[in-house]
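In: only geometry, no sequence info:
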């Protein structure tokens, strides 16, 4: 069907071209070109969704074809996979730098070809969807900015006119004192000023009513004083009903529209005299539409800084939450797709390095295979971390809680870091209690947390610095402390330590950014002070 993606195969070997076409034909519309020049002409005419091209071809080589296509703005996002019978690392890097997305060495596995083509097409589709979303949002932001700018200009003009009127009234008052017509002129000035204030109030009201957020203003006594149009639209409550009833009645009306587990009493019970608290949020969900809202409030002060009430705002974040869920699902899918070929690559590299039956390797070959092995391990760890993150966000993380001997876990972990400490001449000190504390938790999760802390302490502590790890028990809590002479965290950065996607100006937050209290199982809290990070685990009774 025409809805299938179109793949162009540029190959001067007819047999290879037929094999590739037969492999991809069940899934895509496949067209072929006999050399680079023919491939360029067909690309410009047909606009394929993906291009497979050989390196060595008459008239125009694969590298020349890639360079020519990347010079065309209409084809800068079309994925290009280069096929070559040469295992030339420099050539591969040169082609990738020229604009190719992937590089396959002949002969290759048909299933691998199908998977690479499918992954590149999926990534292109996702990128196009995201680009469209960004374009739409950018246009919306520009429109909103224009409206805000216009409204600000109108407000400025109104304020300027009001100041002019006030100055005129003052002059007229002086004249009235002299001429004896003070009362008449004062009444005229008052009428003019009231008219301006009414006009300004109407304009401000119109601005508030055009907001996409629902707004509720309560007096210092907790009495509803103002609501905007979006509030009545969201909750189906008439403004006259809201303003004529006490706050308890309003709370009951709103609570009935949200999920049962949400305590709206707590959400609306934020102290109306708390003038210091500027911003706070709480997630609430409306029934039965399952729309999600972000509720926050802030105090409202008069020009003389007198507290006059509190403003509550409900922001519809349903779309943002759905985008977050889609992103998590994509990360999970991509990680699963990557793990299978990575496992195969790592297995064969390990086999080449350890199994003598495959043949003797030269030192250079072993060096190259060692590099491939290390990178495969790194990619596998990244893939597993992404899968763990996806499971945690979806609540599917499996924990295996059991009694743990903290001293024993630390003794198993420390030796793996000793070579790194020796290389940087760092001094490591270990302080463990004679009686090992026992806690209930997931062994792998606790080991991961401690490993992250020690790894970052080593990474961000200078040469000849010191790293201390200690365990102490305080009541029912076992405290594990890691202290180092590294760069540490500022007070401002500590306050943002567990904010999602927050990254400090220095890299010392990496260990805490990798924390997952879920995998630790029974970790109750943590604390970072200066150059010391403490983790608390509840002991078994």
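Out: That came through, no problem. Here the structure is a predicted model, which is why all the values come from computation and not from measurement. Numbers count the residues shown, from 1 in each chain.
In: could you use CA atoms for every contact and neighbour count after this?
Out: Noted.
In: going along the chain, name the helices of the stretch 151-300 of the chain.
Out: With helices called from DSSP state H, counting those that start in this stretch, the stretch 151-300 of the chain shows them at 182-209, 229-235, 239-243, 247-255, 264-268.
In: low-confidence regions, the protein specifically.
Out: Where the chain drops to pLDDT under 70, the residues are 1-2, 247, 250-290, 391-397, 491-532, 541.
In: and residue 170, how many neighbours?
Out: Counted with other CA atoms under 10 Å, the neighbours of residue 170 add up to 14.
In: got a list of what it touches?
Out: Going by CA atoms under 8 Å, 6 or more residues apart in numbering, residue 170 touches no other residue.
In: doesn't residue 533 fall inside a helix?
Out: No - going by DSSP: H, G, I helix; E, B strand; the rest coil, the assignment for residue 533 is strand, not a helix.
In: I'd assumed residue 484 was in contact with it.
Out: No - applying CA atoms under 8 Å as the test, residue 533 and residue 484 come out as separate, 9.1 Å apart.
In: and the closest residue to residue 151 other than its chain neighbours, how many residues sit next to it?
Out: Of all residues not flanking residue 151 in the chain, residue 207 sits nearest, at 7.8 Å (CA to CA, 6 or more residues apart in numbering). Residues lying near residue 207 (other CA under 10 Å) number 14.
In: one step back: could you dump the helices of the stretch 151-300 of the chain to JSON lines with distance to residue 130?
Out: Shown next, in JSON lines, are the helices of the stretch 151-300 of the chain (distance: least, CA to CA, whole Å):
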{"stretch": "helix 182-209", "distance to residue 130": "31"}
{"stretch": "helix 229-235", "distance to residue 130": "29"}
{"stretch": "helix 239-243", "distance to residue 130": "39"}
{"stretch": "helix 247-255", "distance to residue 130": "35"}
{"stretch": "helix 264-268", "distance to residue 130": "34"}
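In: the ones you listed: which one's closest to residue 451?
Out: Closest to residue 451 of those is helix 264-268 (CA to CA; 38.9 Å).
In: correct me, but residue 193 touches residue 162?
Out: Yes - counting by CA under 8 Å, residue 193 does reach residue 162; the two are 7.3 Å apart.
In: in what helix or strand does residue 113 lie?
Out: Using DSSP states H and E, residue 113 sits in helix 110-179.
In: okay, the angle between that helix and helix 182-209?
Out: For helix 110-179 against helix 182-209, the angle by axes from the mean of the first three to the mean of the last three CA atoms, to 10 degrees is 170 degrees.
In: tell me how far helix 110-179 is from the chain's mean position?
Out: 23 Å (CA atoms, centre = their mean, to the nearest Å).
In: likewise for stretch 28-40?
Out: Distance of stretch 28-40 from its chain centroid, counting by CA atoms, centre = their mean, is 40 Å.
In: first to last residue in it, what's the distance?
Out: 20 Å (CA to CA, to the nearest Å).
In: mind listing what's buried along it?
Out: Neighbour-count burial for stretch 28-40, with 16 or more other CA atoms under 10 Å as criterion, is recorded at 28-40.
In: widest-spaced pair of the residues you listed?
Out: 28 and 37 (22.9 Å).
In: surely residue 488 is within a helix?
Out: No - Residue 488 is assigned coil when assessed by three-state DSSP, not a helix.
In: what number of residues lie near it?
Out: Per other CA under 10 Å, the neighbour tally for residue 488 reads 23.
In: kindly report the same for residue 300.
Out: Residue 300: 20 surrounding residues under other CA under 10 Å.
In: still on that earlier bit, what distance do you get for the residue nearest to residue 151 to residue 159?
Out: Remark: distance between residue 207 and residue 159 (CA to CA) = 16 Å.
In: and the nearest residue to residue 231 once chain neighbours are set aside, what does it touch?
Out: Leaving aside its sequence neighbours, residue 231 sits nearest to residue 214 (CA to CA, 6+ apart; 4.2 Å). With contact set as CA under 8 Å, 6+ apart, residue 214 has these partners: 227-232, 234, 313-315.
In: kindly report the same for residue 430.
Out: Contacts for residue 430 were tallied using CA under 8 Å, 6+ apart; they are 468-470.
In: ranges for the strands of the stretch 1-150 of the chain?
Out: Secondary structure of the stretch 1-150 of the chain (DSSP state E, counting those that start in this stretch): strands at 6-10, 29-33, 50-54, 80-84, 102-105.
In: thinking again about what came up before, which of residue 533 and residue 484 has more neighbours?
Out: Between residue 533 and residue 484, residue 484 has the larger neighbour count (other CA under 10 Å), namely 25 against 20.
In: buried among the contacts of residue 214? Make that a PyMOL selection.
Out: Of those, the buried ones go into a single PyMOL selection, burial set by 16+ other CA under 10 Å:
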select buried, resi 227+228+229+230+231+313+314+315
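In: helices or strands next to whichever strand or helix holds residue 410 in the packing?
Out: Residue 410 is part of helix 406-413, with elements assigned from DSSP H and E. On a contact count with 3 or more CA pairs under 8 Å, 6 or more residues apart in numbering; DSSP states H and E, helix 406-413 meets helix 443-460.
In: how far off helix 406-413 does the helix it packs on point, in degrees?
Out: 60 degrees.
In: name the residues that touch the helix or strand just after helix 443-460?
Out: Once the chain leaves helix 443-460, the next helix or strand it forms, by DSSP H and E, is strand 466-474. For strand 466-474, contacts defined as CA under 8 Å, 6+ apart pick out 426-433, 437, 457-458, 461, 478-485.
In: at 7 Å instead, please
Out: For strand 466-474, the external contacting residues (CA atoms under 7 Å, 6 or more residues apart in numbering) are 426-433, 457, 478-485.
In: filter the residues you listed down to the buried ones.
Out: Of the contacts of strand 466-474, these count as buried by 16+ other CA under 10 Å: 426, 428, 432, 457, 478-485.
In: what about the residues you listed, which are in helices?
Out: residue 457 (DSSP state H).
In: would you point out the most distant pair within the buried ones among the contacts of strand 466-474?
Out: Within the buried ones among the contacts of strand 466-474, 426 and 478 form the most distant pair, 26.3 Å apart (CA to CA).
In: in the sheet, who's paired with the residue nearest to residue 231?
Out: residue 314 (DSSP bridges).
In: domains in this structure, by residue range?
Out: Under the assignment automatic domain parsing, the domains of the chain span 6-108, 215-316, 321-394, 401-538.
In: let's see the distance spanning the longest one from one end to the other.
Out: So that's domain 401-538. One end of domain 401-538 sits 13 Å from the other (CA to CA).
In: next one: the first one
Out: Length of domain 6-108, first residue to last, CA to CA: 21 Å.
In: to what extent is residue 460 buried, counted in neighbours?
Out: Residues lying near residue 460 (other CA under 10 Å) number 18.
In: separation between it and residue 467?
Out: For residue 460, the distance to residue 467 equals 11 Å [CA to CA].
In: same thing with residue 12?
Out: Residue 12 sits at a distance of 62 Å from residue 467 (criterion: CA to CA).
In: repeat for residue 380
Out: 29 Å.
In: list phi and psi for residue 101.
Out: Main-chain dihedrals, residue 101, degrees, to the nearest 10: phi -90, psi -30.
In: touching, it and residue 80? I think so.
Out: Yes - assessed by CA atoms under 7 Å, residue 101 is found in contact with residue 80 at 5.4 Å.
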